[in-house]
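[1] Provided below for reference: sequence and predicted model.
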Amino acid sequence: MKHNPAAVVEITRGNFVESTHEVDIIIADHTGKVIASHGDADLHIYPRSSNKSLQALPLIESGAADAYGFEDKHLALACSSHNGQDMHVKAASEMLHKAGVDGSCLECGAQLPKYPEDHYRAMRSEGGVKPIHNNCSGKHAGFLAFAKHAGIETSGYIGFKHPVQQEIAGVLESVTGSKHGADNYGIDGCSIPTYKIPLQKLAKAYAKFGVGEDPSQLRSKAMLRLRDACFAHPEMVAGDKRVCTQLMQTLGNRAFVKVGAEGVYTMSLPELGLGVAMKSRDGGFRAVEVAVSQLACDLLKLDESEATNMKPLTNPVLKNWNGIEVGTARLAK
């Protein structure tokens, strides 16, 4: 396998490149083979929210999702980093209610919704801005449902030593083949442990996730169920004006994508049996969003019409406050 330099995303203004961003990218197949490497092949990263669909596996495997009658939209929300729009808050509330708990049990912290149009509604709601508005509330509702179904104490479920997080760490370690322990974890934005692992291990895990490839038949089915729930409800995975949602809406069932903080992205391409993990070196989102969109186009070999539909994501136009086009973002060839 050839190791290539890091991918470069260019930000233009006028006819000139004004800024560049480097992105490390690993592409692997479902057998665990690394197909292509751009940048640091041995880079260790915190996946952050890019691995939420793996963290949601115990919700399915334990039987909790079925016991509480979770629909596909709820499963997609369990994998999400959502905008805090009404549809997200409502679905998260439904999950909690079905599991016999409420918003007071959430330990992810209160967070304003992503967009101003939703801020006023959240601030005017009873109790003001609450953890239910947090972009991770769907994932945490899934954690609580798993705990309730398993008969585990819900209080403190975000802690490293809590049985919920220990179960999740074990699942992540099994799926990625990388240790998840006390010597390689930090605290994520929503307060649960996040573990530093090799980028290539994350890519291999998402190649397997995309096709349901695991030694456990139960886990393989759980992977496909979560994948298909996200395909059916991409609006729940992120929301309006978000690249995760837009990519899956545009490409249909051809690509599962998920963003993580500090410029991380994972992607599964089921028809190719490929998984992708990438991280922008400066932690910025605009570079990695262009990179994952262009890579999806290239790997799926989209025709001219399909590529044109993807152009707002692969080659976004940059405008100033007057709405005047000032440049673009693009993956350097």
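    Arrived safely, thanks for sending.
[2] which non-adjacent residue is nearest Glu107?
    Leaving aside its sequence neighbours, Glu107 sits nearest to Ile158 (CB to CB, 6 or more residues apart in numbering; 4.6 Å). All C-beta atoms are positioned from the backbone trio N, CA, C, and that covers glycine.
[3] against Ser216, how distant is the one you found?
    According to CB to CB, to the nearest Å, Ile158 stands 26 Å off from Ser216.
[4] thought Gln111 was touching Gly128?
    No: under the criterion of CB atoms under 8 Å, Gln111 lies out of contact with Gly128, with a separation of 11.8 Å.
[5] more neighbours, these two?
    Ranked by neighbour count (other CB atoms under 10 Å), Gln111 and Gly128 place Gln111 first, with 19 against 10.
[6] which residue packs closest to the more buried one, ignoring adjacent ones?
    Of all residues not flanking Gln111 in the chain, Asn134 sits nearest, at 4.2 Å (CB to CB, 6+ apart).
[7] can you give me the strands in the stretch 101-250 of the chain?
    Secondary structure of the stretch 101-250 of the chain by DSSP state E, counting those that start in this stretch: the strands cover 185-187, 193-195, 197-198.
[8] in the stretch 1-150 of the chain, which spans are helices?
    Assigned by DSSP state H, counting those that start in this stretch, the stretch 1-150 of the chain shows helices spanning 52-55, 57-61, 64-67, 72-78, 86-98, 116-124, 137-150.
[9] which one of these lies nearest to Leu331?
    Among the helices of the stretch 1-150 of the chain, helix 52-55 comes nearest to Leu331, with 25.1 Å by CB to CB.
[10] neighbouring contacts of the closest one?
    78-81, 136, 139, 168, 171-172, 175-176, 205, 209, 223, 226-227, 230, 256, 258 (CB atoms under 8 Å, 6 or more residues apart in numbering).
[11] run a quick neighbour tally on the nearest residue to Val101 once chain neighbours are set aside.
    Nearest residue to Val101 in three dimensions, chain neighbours excluded: Leu144, at 5.3 Å (CB to CB, 6+ apart). Per other CB under 10 Å, the neighbour tally for Leu144 reads 24.
[12] all set now, cheers.
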